[in-house]
Each structure stands twice: as structure tokens, then as C-alpha cells.
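J.: What would the 3D arrangement of this be:
(one chain, ligands or ions: 1)
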Amino acid sequence: MVQHLSGGSFEERMQTLMRLTGKPWFPFNEWIFAGQVYDSEPKAASFTLQQMRRQTRMQPKVEAICTGLLRLRSQAGELVSTMVDQLADFELIGISSTFLQNMPALALARSIKSRWPDKIVMLGGANCDGEMGRALLEQFPFLDYTFTGEMDVAFADFIEHLACNEPVDNMVGVNGRRANGSLFSGPPALPIEVMDELPIPDFDDYVHTWEDTGHSAHHKLVLTMESSRGCWWGQHHHCTFCGLNANGMHHRCKSNDRFISEIEAVVRKYDAKYLYLTDNILPMDFYGEFVDWARASNLELNFFYEIKSNVKRTHVERLASAGINSVQPGIESFSTKILRLMRKGVTGIQNVTFLRLAREHGILASYNILVGFPNEDASEYARLANEIPKLTHLQPPMAMAEIEFHRFSPYHSNPEQFGLRLKPSWHYEHLYPFEKETVARIAYVFEPDGCGSEPRRYLKPLAEQLRRWANSFRLNSCTLTWKRDGQEILVMDTRPGFGPKTYRFQQFAIDLFLFLDEPHSVRSILNFANRTKEAPPATRKLQEKGEVIISFSAWDFLEDHRRFLDALEQVGLVFAERPESSQPTLPIVTDESSTGGGMQYVALPVPSEHRLFEPGWLVV
Ligand code: SF4
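T.: Now for the predicted structure:
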């Protein structure tokens, strides 16, 4: 598709394409193809440049993208037709659709069927889970079959039955049409339990297309792989907004041996160095043997994984040493109170600590700040807006996004529990000209009935601070760093609003700074000061010109700890939070001495000798 976007270099067009495939451009990105799906689609055809501008006011380069979208819509028929040209030799054509892909998938299906009525056209993927698969089949007569559930094994059975002319109308996961036009649906395919039995992926077609379309000249080959399905956190504490894993939340994982041999086979065949893991969450076992293998192998691999953010320094070190240098840590917020609303099982201060450790180890973190949760406390956003300037040396979020209410999430399956009444998102009006009951069976994204489209005013200060953070952040120049100077510690601060300043830590302030590498409660800090107070005081160095001295003994600290901690917090050298969550966190990080009740503190500076980010991920 990038070839069909007009204007700019390949990289610029690629960036536009990446933006277009994202949620902020929904429904326009699907709507491009809607004209190819229906004979007439009154509402969908009504978008104008002005309406697009209004809907996407938060997006950068809105004007150029809107114009590009309108042009793409006028070219959609030709785009689809070019793709259909390549399918003449195939009798069965399967199309996969996930998240924002229904309209292009349906446009392709319709075009195939109208050119070759005898070809069998099938639709699968996450957009067919639950009742969606059957509802799509009912509404779109050019689909012969849709599939519901994990079809890895069941699909092969289905194909064998078709090939032998055997009936398929009781087969698991299959929705289809009988010769007389009536529809049938088998029970959904069950989740795959033995992941090791899945085939090794074949990327031949993908790699050829990647080369033929000119992508290989511009960025690295990234292959998608899978080591597990489901979510070990969600199977016990389903995050309220999470609609992944329709019927397969329980965690299933490939064995280390199998997964390692799969990687070796794939990277040797395609000479790939970047592997994008589709897992919802990195299996905890993989911090052991798998990391040891990746560290020792001479394959020079780089991995992307989604992970849980409340991990300790040792885990982050292991990630980096294994080449897991791009992650989606599911941060979502820096407020424990808001994280608790989403049952995320992590605190705000743990998220801040992760970002600092990720920066130290050169790990790219992709995350969003989610807002608009039912029953959220607006004052938390004002408090967060005040905290953000302290964090601007760390990687900023990609966006601040309104929470969505997804099918299969607790919000959707049990809305009364959250005081919600949901209806399909307004976006679908522009994609499906059907009764609302029908749209509700196809939709994946919902919204509270009666909600307005105006953004909440109380979010404005946070949005502004996040915008400044994104603008001031530099990937390769950290603005709050520390280093040793003999026995003392120097902190260099050039963050907007704080620097430029140099702080020299002396006496117990050094021990305290190092102790706050991970979050600690006041009780834990006082215990530490008590253990340290008998140590002989370190010799003091003379103050250099322009330096701010931070110097106090353990005795001084024990007399008035609040004064010293407040002072460090005020100049943004530590992040402080009062945890309010009684929700369990990951067993690997639960440490009563460090996360007990009361205020908690963690140091913010990053070592000046930190690792740089892996550039191969940055151009993708
Ligand atoms: S949001 Fe992530 S951690 Fe939470 S249930 Fe979903 S996959 Fe699991």
C-alpha cells in the first residue's frame, strides 16, 4: 500500500501508512475500502475533509493525511483489483481480519467473488471470534465460510473434508452456507493446548513481497513469531479493558527447546535479526533458560515482547542481555489509583522505575497513557500533570488515548459491575449500514450509551504536559544522569523546568540515592538508615563551582527524614507516590520490606554510561 500513497520519500510515506493503520485514524482507515463493500452506503459516503479534520483534531499532519485518505478512497477499487489479479490460480482463498481490517478484507472478498463466483472465499482471524464470525457471514453473501476460535488444527481438518467432498456443517469453528442458502455454525474451535505441535512458520511469501515492494532497501526485515498464547496475569486478574483472548485467556507456552529450535530454523533460513513476538505477555519462565540461550547464541538477535512492567533490575538486565530490546510494557498510567481501576496489578511508581531501568539498558518501551475509566478521579490527572516534568528524561508515551470498551473485556462482559451500559462505537455507523442490533454483533469496540464526543476538560493539563514531554525527549541524549566522582555521586540535570544543575551527593545521601534504585517505603528507608548510621562518615570533597551539595548523615536523616525526602522530591531527583492498591502484584516483585504501606520513593537519574537504543527498531 505504501507505493500508492503520494508525496514525500519512502520513509515519509511509510510513516503515513503506519499512522493510518493505527486506532487514531479509525474509522477513516477502514472507510477507505467501504465503497468497495456495498452497492450503496449512504452514511459511509458522507465523510468530508472538514469532518475528518474535526474527528482527528489531536493528530499531527492532519491536513495532508486527510487529503491522502480521500485520494486513497478514490483509488481503493483499483488497489483491490490489483490484489485480486494475483489470485487467479487459487480455488480457496482465505483472508484474515483483526482489529481495523474488516473493510479491506470484505472489499477483497467481494471483489474475488464477483470476478470468480466459483472460488471459495473464507474469512478468519480475531474479528470472527464469538458471535462476530456468524454475524459477518449473515451480512455479507460473498463470504462462503467464516471461522471462530483457534483454527490452527481444525482448519486443516476442514480443508481435508472439503477436498473429499465430505460435509463440513458440524465441524468445530466453521460457519458456512449450505447449498440451499441456509447457514450453519459448528461449536467454536477450542484453544490450542500443546503449543509445541504447531508448525514452524513459513515466511517465503512475506519475504518475497517485502523485497519486491522495495521495503528491504529501507528497513530491516522483521518477522513475527509466537512463543505463547493467553495471558498468565489475565487468567487470574483480567484487566478491565482487555478484550484479547476471546476464549483462550489461560496461558499456554511452547517449551524452551521447541521455541529455540524454531527461532534457529527461521533466522537461518531468512537471515532475520529482528523478531517481533506476538505473545500477549512474555512467559515468566523465559527469563531463565531462554534468556541464557539468547545471550549465549551468536545469532545477534533483537526481540520485541509485550511484558509486565513491574519487574526488578535483574529482570531488565536479563532482557537487555538477551537482545529483548524493544518491549510493550503495558504501562497505561503513572497513577496507582487509576491502575487499580483497570486491575493492572502494577503501581505508578513501579511503572516509573521500569522506564528508568529501560532507559539505562537501552530498551525501547512502547506504551500509551489511557484515560477516561469509569469512576476515575479527575484530581488524579491534575496530580499526574504536575509529576510529568520530572520524567521527561525517560521515554514518553506514544499517545494519551481514551479507554475503549472492547468485546470480551470485563467492561463488555459485565458492564453493570462498572455502572456501564454499552453500545457499538459511533465509528461503525460509517462502516455498516445495518440495524444497530446487527452492528452490535459485528462490533469489537463499544462506548457508553449517552457519552458525548467532547474530550474531558480535566485531561487538558495532562495532555499538555505529555505533549511537552514528547517534544523535549531526545533518544540519544538523556537529560538527567548520574555518575560516580570518587566516593561521591554527581547528578547532571538538564530537564526543562529543572536544569541546568549539577548535584553532588555526599555522606548518607549517597547511600540513600543508591538504595532508591528500586521503590522503597518510608519504613524500609528508615530501617536502612538505622543499619547504616554506625558506618564511618565518608570524607567530604570540596564543592566545585556551580554544584549544589546534597549532604547529610544517617543521624541527620533519622531526625527529620521527611524534610530530606521532600527536598529531593521537589527538585525532581526522586519520584514519590502513596500506593493505594491492595491488589496483588507479580510474585517476582512483591517485597514487603520495599513496598509496604505509606509513601514510596524511587530515584530518577539514569547512569551516564547507559546503553543506547537499538536503531534497527527505530526505522521500522
Ligand atoms: S492487558 Fe495485558 S496483562 Fe492485562 S489481561 Fe490483557 S494481555 Fe493480560
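
J.: got the residue ranges for the helices in the stretch 501-620 of the chain?
T.: Per DSSP state H, counting those that start in this stretch, the stretch 501-620 of the chain carries helices over the ranges 508-515, 522-532, 554-559, 561-570, 592-595, 615-618.

J.: and the fourth one, what other elements does it pack with?
T.: The one in question is helix 561-570. Where contact means 3 or more CB pairs under 8 Å, 6 or more residues apart in numbering; DSSP states H and E, helix 561-570 is packed against helix 522-532, strand 574-577, strand 600-603. C-beta here means a position set from N, CA and C on the backbone, and glycine is covered the same way.

J.: Output the below-cut-off pLDDT ranges for the stretch 351-500 of the chain.
T.: 451-455 (pLDDT under 70).

J.: Which residue lies nearest the spatial centre of this structure?
T.: For the chain, the residue sitting closest to the mean C-alpha position, by CA atoms, centre = their mean, is Gln328 at 4.9 Å.

J.: Tell me who's in contact with that one.
T.: Gln328 sits next to 304-307, 365-367 when contact means CB atoms under 8 Å, 6 or more residues apart in numbering.

J.: ok so, going back, between the helices of the stretch 501-620 of the chain, which one is closest to the ligand.
T.: The ligand lies closest to helix 592-595 among the helices of the stretch 501-620 of the chain, at 19.3 Å (CB to the nearest ligand atom).

J.: pLDDT of that closest one, averaged?
T.: Averaging pLDDT along helix 592-595 yields 44.

J.: what does stretch 204-223 give?
T.: 90.

J.: Asn102 and Val439 touch, don't they?
T.: No - Asn102 lies out of contact with Val439 (CB atoms under 8 Å); the separation is 11.7 Å.

J.: neighbour count winner among those two?
T.: Just comparing Asn102 and Val439: by other CB atoms under 10 Å the higher neighbour count belongs to Asn102, 27 against 19.

J.: give the contact list for the more buried one.
T.: 30, 127, 136, 431, 442.

J.: From Tyr444, how far off is the closest residue to the second one other than its chain neighbours?
T.: Right, the one you point to is Asn127. Spatial nearest neighbour of Asn127, excluding adjacent residues (CB to CB, 6 or more residues apart in numbering): Ser97 at 4.2 Å. Relative to Tyr444, Ser97 is positioned 10 Å away (CB to CB, to the nearest Å).

J.: Return the residues of this structure in contact with the ligand.
T.: 231, 233-234, 238-239, 242, 244, 280-281, 330 (CB under 6 Å from any ligand atom).

J.: Export the residues you listed to CSV and append columns for pLDDT, secondary structure and neighbour count.
T.: Supplementary listing: the residues of the chain next to the ligand in CSV, determined by pLDDT from 0 to 100; DSSP: H, G, I helix; E, B strand; the rest coil; neighbours: other CB atoms under 10 Å:
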residue, pLDDT, secondary structure, neighbour count
Cys231, 97, coil, 23
Trp233, 96, coil, 22
Gly234, 95, coil, 20
His238, 95, coil, 20
Cys239, 96, coil, 20
Cys242, 96, coil, 21
Leu244, 92, coil, 19
Asn280, 96, coil, 21
Ile281, 96, coil, 20
Gly330, 93, coil, 25
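
J.: Compare the contacts of Asn102 and tell me which has the most neighbours.
T.: Leu431 (26 neighbours).

J.: can you count the residues close to the residue nearest to Asn127?
T.: Using other CB under 10 Å, Ser97 has 22 neighbouring residues.

J.: Need the nearest residue in space to Ile510, chain neighbours excluded.
T.: Spatial nearest neighbour of Ile510, chain neighbours left out: Ile489 (5.3 Å); criterion: CB to CB, 6+ apart.

J.: Contact partners for the one you found?
T.: 482-483, 504-505, 510, 513-514.

J.: tell me the SS of the closest residue to Ser216 other than its chain neighbours?
T.: Setting aside the residues directly before and after it, Ser216 is nearest to Trp210 in space (CB to CB, 6+ apart), at 5.8 Å. Secondary structure, DSSP: H, G, I helix; E, B strand; the rest coil: Trp210 is helix.

J.: what about Trp210, how many neighbours?
T.: If you count neighbours by other CB under 10 Å, Trp210 ends up with 17.

J.: Kindly report the same for the one 4 residues further on.
T.: By the criterion of other CB under 10 Å, Gly214 has 11 neighbours.

J.: same check, this time on Ser335
T.: Ser335: 23 surrounding residues under other CB under 10 Å.

J.: same check, this time on Arg71
T.: With other CB under 10 Å as criterion, Arg71 counts 14.

J.: phi, psi of it?
T.: Main-chain torsions, Arg71, degrees, to the nearest 10: phi -70, psi -40.

J.: In contact with Tyr428, which residues?
T.: By CB under 8 Å, 6+ apart, the contact set of Tyr428 is 27, 439, 442-443, 445.

J.: Where does this protein get nearest to the ligand, residue-wise?
T.: Here the chain gets closest to the ligand at one residue, Gly234, 2.7 Å apart by CB to the nearest ligand atom.

J.: quick one: contacts for that residue?
T.: Gly234 sits in contact with 242, 244-245, 249, 280-281, where contact means CB under 8 Å, 6+ apart.

J.: same question, Leu394
T.: If a contact means CB under 8 Å, 6+ apart, then Leu394 has 352, 355-356, 358-359, 604, 606 as its contacts.

J.: ditto for Phe557
T.: The contact partners of Phe557, taken as CB under 8 Å, 6+ apart, are 508, 512, 529, 564.

J.: roughly how far apart are it and Ile549?
T.: Per CB to CB, Phe557 is found 15 Å from Ile549.

J.: Looks to me like Asp257 is in a helix.
T.: Yes - counting by three-state DSSP, Asp257 falls inside a helix.

J.: Burial check on it, number of neighbours?
T.: Using other CB under 10 Å, the number of residues around Asp257 comes to 12.

J.: try Ser74
T.: Counted with other CB under 10 Å, Ser74 comes out at 11.

J.: which SSE is it in?
T.: Assessed by DSSP states H and E, Ser74 sits inside helix 62-85.

J.: so Ser335 touches Val346, yeah?
T.: No - counting by CB under 8 Å, Ser335 does not reach Val346; the two are 11.2 Å apart.

J.: on that earlier part again, surely the residue nearest to Ile510 is in a strand?
T.: Yes - with three-state DSSP as the criterion, Ile489 is part of a strand.

J.: That one bridge partners, please.
T.: Per DSSP bridges, the residues bridged to Ile489 are Arg484, Phe505.

J.: What of the one 4 residues further on?
T.: Bridge pairing for Asp493 (DSSP bridges) gives the partners Leu480, Lys501.

J.: check contacts around it.
T.: Here Asp493 is in contact with 479-480, 499-503, 571-573, 605 (CB under 8 Å, 6+ apart).
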